[in-house]
Each structure stands twice: as C-alpha cells, then as structure tokens.
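# sequence and predicted structure are below.
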Number of protein chains: 2
Amino acid sequence: MALEGTFEDGVVHVTGDARQRYHDARGYGYPLEGNEIALAPVEAAHLLYRGDLEAVVDDGRRLGFRGFVASEPGVDFGVRFLVYADLRQRGFYLSPASEPWLADPPEADFAVFPRGKGPGDGEVEYALCVIGERTDVAGEDLEDGVLAVVDEESEITYLEVSRPEIAGSSAVDLPTGVEADLLTDRVILWEPPFELYERAFYGQPLEGREYDEPTLQCSLLEAAYLAEEGVIDLDPDVALERGREVEGDRFDRRLAVYTELRERGVVPKTGYKFGADFRTYADVDSVDDLGHSELLVRVLPADHVFEPRNLALDVRLSHGVRKTMVFALVEKAGIEWRSLQRLTP
Amino acid sequence: MALEGTFEDGVVHVTGDARQRYHDARGYGYPLEGNEIALAPVEAAHLLYRGDLEAVVDDGRRLGFRGFVASEPGVDFGVRFLVYADLRQRGFYLSPASEPWLADPPEADFAVFPRGKGPGDGEVEYALCVIGERTDVAGEDLEDGVLAVVDEESEITYLEVSRPEIAGSSAVDLPTGVEADLLTDRVILWEPPFELYERAFYGQPLEGREYDEPTLQCSLLEAAYLAEEGVIDLDPDVALERGREVEGDRFDRRLAVYTELRERGVVPKTGYKFGADFRTYADVDSVDDLGHSELLVRVLPADHVFEPRNLALDVRLSHGVRKTMVFALVEKAGIEWRSLQRLTP
C-alpha cells in the first residue's frame, strides 16, 4: 500500500510502516516516534518520483510529483533534487548534511555514504556541495570535498577539491654574475653557463637547442627571481618594477608563487598555452630528459570569486592534457593550494 | 666580405652588393638607388644575428647583435624580432606590411609570402599581426589573417582567424501547447511529444533516455525560444524576464545567438563542460544517432576585449576535443562570427 506524507515546517512526515520501508531499508529521512519518519523535500520528491510515495499533502492540497516539484519546496530545490536523484541512481544513499539526519554532519549540502552504507553506519564518502552553474564560488569556500555543479541543461559535473602537496626534487647550484639585458617585458642572458638552461631549466634558448652555451631569453618572472638570487647582473628592483608596470599586482602574486615553487624543488614554466600561469615539473634532471609536466597552476588573489563555468573550463582542459589543475590563492600570510579534478562517483 | 649598415630614420641603409646579396637573393629590405637597400630593424637584426651583417652604426656607435637588440630599435621590437626569426627559420620570407617593402600591403604587421616566394612575387600567404601575451585584442580587430602571440617565455603561438559559415540541416516541425512549469532557472516540460527531444534535441529527459515520452528539463534559453515559437504554454515574456534576472544582458545576447543558430539549422546545446556557451550539431536526425558536435561557441558583446591568454585557453581546449572555437560577437545590427584555430606555419 502506497503511503502519503504531510508537509510541515519544511519536512514531510510519513507514518504507517514508513520507518522500516523508507528509512531502515533504504536510507531516507530520520526516525521520529514509533514508525513515523520525517523526509527532506528532496527525499520526499524522490519517493514521489519513484512512485513509492503516493502524494504529499501541503496545506490541504494533495500533490503528486509534478505539483510538489512545481511548489519548489525548499531553497535551491531544483538543483538539489537533480543531484540527489543522480546519486541515488548511481547506487548511493545520501542525506542532507544536517541534524537530525546525521549526528555529526560535515559542512556541506549532502553527506554521501560509501556504496552499500547508509546514514546509520557512521561513514561519509563525500561531503557534497551543490551549486548551479550561475552560482559563484569564493576561493576561500573551496574546501576539501566534492562540488556538484548543475549546468543550465541539468547535467551534473562532480569536482573533487583537495589540498595538493607541492614538492619536487629539482634543485641545482646556480652561477653568479651572468650578463643580462632587460628588453621591454623580457630579459636576455648572454651566454650563461650551460647548466642554467640545461639542468635548472631557466629561460629559452634564442637559437633553438643546438648550442652549448645558448643565449637565453627569460621571462620577467624568471629574471626577477634570478636577480634576487644574485645569478644575473640585473638589479632585482628593476625587474620587479618592470613586472609591476606590465602586470600590476598580479606580478607580485605570480612571483610569490614562482618563488615558492622553486623553493619546493618544483620547476615552473609558463602555462600560457594552457591558459594558466604555470605548468610545473617536479623532478627535472636535464631538459633533454624532461618528463611530462604534472600541474597547471593558476595564480589568484585569495579573495577571488570563481564562476563555475571557468572552473569547468580549467578542469576540462587540464584533464585533457593529463595534468592536475591547481589554484594558488595568494594572501599576505602565504599561499593556499587547492586542486580540482573531475570525479565520477 | 661582411657589410655594415647605418641606422637612419628608423631603417638600416646598406650599400656594397647589398641589393643582390640580401634583397634579390633572400628577400630582405627594399631597394634604393643603385645597389643600396634599406632594412627594417628586424631585418637588420636578423642579418646581424646570422652573422651576415657585421655591424650597424647608430649615431656613431658601432653595434653588433647584442648592442643593436639592446637599443630596442623600433616599437615592439622584441616580439616582432622573435616572430620574424621564427618564420625565417621555418623557411618563409616575410616583409613589414607597409610601403615601400610592398606595393599593396595588407593591414597587419608582416606579410608572409608563400614558401619559395618573396616580396616581388605579388602573393601573400599570411597577413600576420604580432602581439605579446599581455596585449589585449578588441573583438572588432579580429580580422581574417594570422595572429602570432608571443608568450612571456618567448614561445610563439599562431592563431588563424576566419569567418566561419554557420549552417546546418537540422530542422523539424514543432508541436504546440506542451505543458511547462518554470522552476527557478529551468523549465520542466511534462510529457511532450517524443520528437521534441528525440528528433529536435530540445531539453534533457528527467528519467534518462528509457521512456518514449520523457519529461524534459529545458534550459531557460531553450524554454524562451520554445515559448516564442508557441511550442510550450509559457508566456515568452516570463521566460525572458527570468533569464534576465539570473543572467542580465548576457541572456539577451545568448538568446539572439541561440535563435540564429536554430534558424540556420544548427542545434545548440550547452557548452558548459567546455567552458563555452554552446556546443553545436549541424546535422541532427535523431538523438540516438548523434554525431560529434563541431563547434564551441562563446557569445560576447561586440565590444569585448580579449586577453590573449583566454584566447589560447579556448583554442587549446577546442583543439583538444576536436571542435572549432567560434566567437559570436553580438551587436545591435546582428552577429559577427569569428573562428580561431591553431596554425603551424
């Protein structure tokens, strides 16, 4: 016998054998007294959709799936329902990430349980936040967990946010006193030692790679770093000033990230062709034997606000070129690193 | 015997057998009286770099390659020289796109001649504009030709700009009077005729694709178009208003492009996963037999100004997914279409 529910104070109450049928057996809602349970609107809608619940009575009106959905019961109901239904279809149980559904809920919209587990088993597979593609995301809100983005045609992309470890083994003793000329927004190093390019991977040879002691073109970032390290005979302040002239504050942020990467043994080179600030190599021994670059790094101020569409673009591109997308969020106190990867639950 | 030049009024004069040696045989400069020629700074720098010219005398100073380059002879000398040298190395002759190098120069920085041809042969392979990666490009300046973008580490990307023909064969008779509910920023169509999804590719079935008459979720754009066409029982103004609420002016631009694409027989679906507005299918017969989508379309106001880095990102991504990147520049008078593709000269 199909049951009916009653919508009250934001949840749908169901009596009868609801507790066994919906909660204990299939992880919907939370138990109240006796056999009664309460369902979140998305849970009730899903049971209506499946035909397991016959109707929800709301203020005297008896609503089926269409009526209940059209009444938009709850904040962001549409996108939340789509994600709820999608994960159910993929074989997961999930609950709203709040009490009393869960005793100790994560900060998210839903807690998704490991396959085969439910709300009572004390394990959470994903802390899931749900947004529409038009909802902006502040950089500081990119916390460990999964972001489900629902696009305008109701397709869902799952993005996993983590804190990557940034570390590598690229390091080399640097020379000093290399002659350098500053040209508009790049710097030429005249016949620096072979190793500066070949082992430490600074600059780009003017002649291609046929010469033992190539003339190197360096970016302003590379030059500012090498000037600060005393490698080239250019005043570090001159390089920094030129950088700020052509890029403003962005140059300072990029130099902070460049420096941090070099200090962690990771070689940053321009990520321009990928629309990023850097691509990085963790273990450079020799440019002749260069592996695949592992990360694409985009440098942003810590208060940056992302449009989900741009996140999708970055993650899609990095996936396509087999790299991990990393955001370096620069604040005064340091750099916060976040990686984003597509996830198939 | 190596020759010397003299820098005067922005060009380098060379006498001796310069005309035969540099101009007639290898396409450098333009002839003056007798055997004298004049070279653009990039041409002179290239001859210095190759060791073919021994020095350039500038205001009494005798400069070799390093000195001449460091004097930055001419606007944007650095990036222009890098591109000039790169194309020479690839076996092309090229001239500044101005008189008297060429009788009828294209509007560009350089005229690149077909392989094996030179400035006197009256043919131009590419009209080439050169920019640094930090130079913005106005949408209205995206003219047919090639854009050479020099990144901060002096690598060059060649982008070919053209005017794509937008046309397809997707068309279908549409039903009328389909029941629809507007939910926040999407619209649900209740049991529309099979063909609306299956043949015309509107919306996305709520249930997956197992049903004959699926409930369809449509984007606001699809709904606004279908409402305007009288297909669904939703007031077109309501859909338009909701679109403007959630997207502002952008909604009007996107609807103009959506409508134009549909009218040209091309099916636009969301390009969200590619960070674009639309991916398009030129020849849809049936959703079950859907080919690969051909274009990624980004909708922009006609006065949009591009950062080259974002162009690189779009072109790289579209190339990776075997689609052509198209910009739809929307102005009051209509839509200007431009495509961008990577080019290897």
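Ah, there it is. Numbering: from 1, shown residues only, chains lettered A, B, ... in the order given.
# show me chain A divided up by domain.
A:3-132, A:172-247 (automatic domain parsing).
# any buried residues in stretch A:40-54, and which?
A:40, A:41, A:42, A:43, A:44, A:45, A:46, A:47, A:48, A:49, A:53 (16 or more other C-beta atoms under 10 Å in any protein chain shown). To be clear about C-beta, it is placed using only N, CA and C from the backbone, and glycine gets the same treatment.
# what is the end-to-end distance of that stretch?
Terminal residues of stretch A:40-54 are spaced 16 Å apart (C-alpha to C-alpha, to the nearest Å).
# pLDDT-wise, what's the bottom of the buried residues of stretch A:40-54?
Lowest pLDDT of the buried residues of stretch A:40-54: residue A:49, 91.
# which residue packs closest to that residue, ignoring adjacent ones?
Leaving out its chain neighbours, the residue that sits closest to residue A:49 by C-beta to C-beta, 6 or more residues apart in numbering or on different chains is residue A:65, at 5.1 Å.
# residue A:145 too?
Among residues not flanking residue A:145 along the chain, residue A:127 sits closest, at 3.9 Å (C-beta to C-beta, 6+ apart).
# between the buried residues of stretch A:40-54, which sits nearest residue A:110?
Sorting the buried residues of stretch A:40-54 by how near they are to residue A:110, with C-beta to C-beta, puts residue A:42 at the top with 8.7 Å.
# ok, that closest one to chain B distance?
Per C-beta to the nearest C-beta, to the nearest Å, residue A:42 is found 13 Å from chain B.
# what do you get for residue A:214?
With C-beta to the nearest C-beta as the criterion, residue A:214 and chain B are 12 Å apart.
# in the helix or strand hosting residue A:335, what's buried?
Assigned by DSSP states H and E, residue A:335 falls within strand A:334-343. For strand A:334-343, a neighbour-count test (16+ other C-beta under 10 Å) marks A:335, A:336, A:337, A:338, A:339, A:340 as buried.
# give me the pLDDT value at the residue lying closest to residue A:132 once chain neighbours are set aside.
Distances taken as C-beta to C-beta, 6+ apart place residue A:79 nearest to residue A:132, at 5.0 Å, with adjacent residues excluded. What the model reports as pLDDT for residue A:79 is 94.
# report all helices and strands that the lengthiest helix in chain A contacts.
Across chain A, the helix with the greatest residue count (assigned by DSSP state H) is helix A:249-263. Under the contact criterion of 3 or more C-beta pairs under 8 Å, 6 or more residues apart in numbering or on different chains; DSSP states H and E, helix A:249-263 touches helix A:220-228, helix A:236-247, strand A:267-270, strand A:278-281, strand A:295-301, strand A:324-331, strand A:334-343.
# nearest to chain B, of these?
Across those, chain B has its closest neighbour in strand A:267-270 (4.4 Å, C-beta to the nearest C-beta).
# name the SS class of residue A:311, please.
Using DSSP: H, G, I helix; E, B strand; the rest coil, the structure places residue A:311 in helix.
# how far away is it from residue A:304?
11 Å (C-beta to C-beta, to the nearest Å).
# about what we covered before: show me the contacts for the residue nearest to residue A:49.
Under the criterion of C-beta atoms under 8 Å, 6 or more residues apart in numbering or on different chains, the neighbours of residue A:65 are A:45, A:48, A:49.
# which members of those occur in helices, if any?
Mapping the contacts of residue A:65 onto helices (DSSP H) picks out A:45, A:48, A:49.
# thought the last one was touching residue A:84?
To tie it back to what came earlier, the one meant is residue A:49. No. Counting by C-beta atoms under 8 Å, residue A:49 stays clear of residue A:84, with 10.0 Å between them.
# quick revisit: mind putting the helices and strands packed on helix A:249-263 in TSV, mean pLDDT and distance to chain B included?
Shown next, in TSV, are the helices and strands packed on helix A:249-263 (pLDDT from 0 to 100; distance: least, C-beta to the nearest C-beta, whole Å):
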stretch	mean pLDDT	distance to chain B
helix A:220-228	97	7
helix A:236-247	96	6
strand A:267-270	97	4
strand A:278-281	98	10
strand A:295-301	97	10
strand A:324-331	97	12
strand A:334-343	96	9
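# okay, these, which one's buried deepest?
helix A:220-228 (a mean of 25; mean count of other C-beta atoms under 10 Å in any protein chain shown).
# helices or strands up against it?
strand A:180-183, strand A:186-189, helix A:236-247, helix A:249-263.
# need phi/psi at the residue lying closest to residue A:217 once chain neighbours are set aside.
Nearest in space to residue A:217, with sequence neighbours left out and distances taken as C-beta to C-beta, 6+ apart, is residue B:154 at 4.4 Å. Main-chain torsions, residue B:154, degrees, to the nearest 10: phi 70, psi 20.
# and residue B:154, what does it touch?
By C-beta under 8 Å, 6+ apart, the neighbours of residue B:154 are A:186, A:204, A:217, A:219, B:82.
# the same query, at a cut-off of 6 Å, please.
A:204, A:217, B:82 (C-beta atoms under 6 Å, 6 or more residues apart in numbering or on different chains).
# and the residue nearest to residue A:145, which of the three is it?
From three-state DSSP, the assignment for residue A:127 is strand.
# find me the pLDDT at it, would you?
pLDDT recorded at residue A:127 is 96.
# so which of the domains of chain A comes closest to residue B:288?
Residue B:288 sits nearest to domain A:3-132 of all the domains of chain A, at 20.5 Å, using C-beta to C-beta.
# distance between the ends of that closest one?
32 Å.
# and it, how far out from the chain middle?
Per C-alpha atoms, centre = their mean, to the nearest Å, the displacement of domain A:3-132 from the mean C-alpha position of its chain is 27 Å.
# how about residue A:227: what's its closest non-neighbour residue?
Residue A:227 sits nearest to residue A:236 (C-beta to C-beta, 6+ apart), 4.1 Å away.
# wait, isn't the one you found in contact with residue A:228?
Yes. Residue A:236 lies in contact with residue A:228 (C-beta atoms under 6 Å); the separation is 4.5 Å.
# so who does the closest residue to residue A:155 other than its chain neighbours touch?
In space, and not counting its chain neighbours, residue A:155 is closest to residue B:204: 6.8 Å by C-beta to C-beta, 6+ apart. By C-beta under 6 Å, 6+ apart, the contact set of residue B:204 is A:153, A:154, B:217.
# distance of the second one from residue A:110?
Note on residue A:154: its distance to residue A:110, by C-beta to C-beta, is 17 Å.
# sec struct for the residue nearest to residue A:132, please.
Residue A:79 is classified as helix under three-state DSSP.
# could you list the low-confidence segments of chain A?
Scanning chain A for pLDDT under 70 picks out A:1, A:207-213.
# what does it put close to chain B?
A:70, A:78, A:133-134, A:151-154, A:181, A:183-184, A:186, A:204, A:217, A:219, A:246, A:270, A:272-273, A:275, A:309, A:312-313, A:317, A:320 (C-beta under 6 Å from any C-beta of the partner chain).
# list only those of those flagged as buried.
The buried subset of those - by 16+ other C-beta under 10 Å - is A:78, A:133-134, A:151-154, A:181, A:183-184, A:186, A:204, A:217, A:219, A:270, A:272-273, A:275, A:309, A:312-313, A:317.
# dump the contacts of residue B:154 to CSV, plus distance to residue B:90 and secondary structure.
As requested, the contacts of residue B:154 are exported to CSV (distance: C-beta to C-beta, whole Å; DSSP: H, G, I helix; E, B strand; the rest coil):
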residue, distance to residue B:90, secondary structure
A:204, 17, strand
A:217, 18, strand
B:82, 13, helix
